[in-house]
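Engineer: no sequence for this one, just the structure:
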């Protein structure tokens, strides 16, 4: 689902109560653990964490006027999503996450290329997400992006 919001607070305010609680907790986990340099903003109509133009002036290759995206969280129709570019671009982070997930969550991992879907709000592995968020600095993401994505 898409919400029209200019700030993360506006986005969360539009959600049903159960989703407000979950997205607020996810946001707090991310903000507490994300390496310095990433900036929180609405990105692709959802809360996002980006490498700002001040750190990476070239921006996102598909739309250079946009900062380089790194991760997002969203309330979708049937699930809460965590989009993490490091899972997609780094086999090491992907494999680590897939191996660790069953240790933190009783449900089967529901994952796309960079999207982790949580359909049950009572079984989100916040500690694992905190670890995932700490795994990559903006500098590491820029290097990986330039190596793998921006060719």
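Structural biologist: That came through, no problem. Keep in mind that what you see is a predicted model, and the values were worked out from it rather than measured.

Engineer: From now on I want contacts and neighbour counts done on CA atoms only, so please keep to that.
Structural biologist: Noted.

Engineer: Least confident secondary structure element in this structure?
Structural biologist: Here the helix or strand of the chain ranked lowest by mean pLDDT, DSSP states H and E is helix 85-89, holding a mean of 93.

Engineer: tell me which residues in that helix are buried?
Structural biologist: Judged by neighbour count using 16 or more other Cα atoms under 10 Å, the buried positions of helix 85-89 are 85, 86, 87, 89.

Engineer: So the third one is in contact with residue 112, correct?
Structural biologist: No. Checked against Cα atoms under 8 Å, the pair residue 87 and residue 112 is beyond contact range at 9.7 Å.

Engineer: Let's have the buried residues of helix 85-89 in CSV, adding distance to residue 11.
Structural biologist: As requested, the buried residues of helix 85-89 are exported to CSV (distance: Cα to Cα, whole Å):
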residue, distance to residue 11
85, 21
86, 24
87, 25
89, 27
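
Engineer: so after the least confident helix or strand of the chain, what's the next helix or strand?
Structural biologist: Note on helix 85-89: by DSSP states H and E, the next helix or strand toward the C-terminus is helix 91-104.
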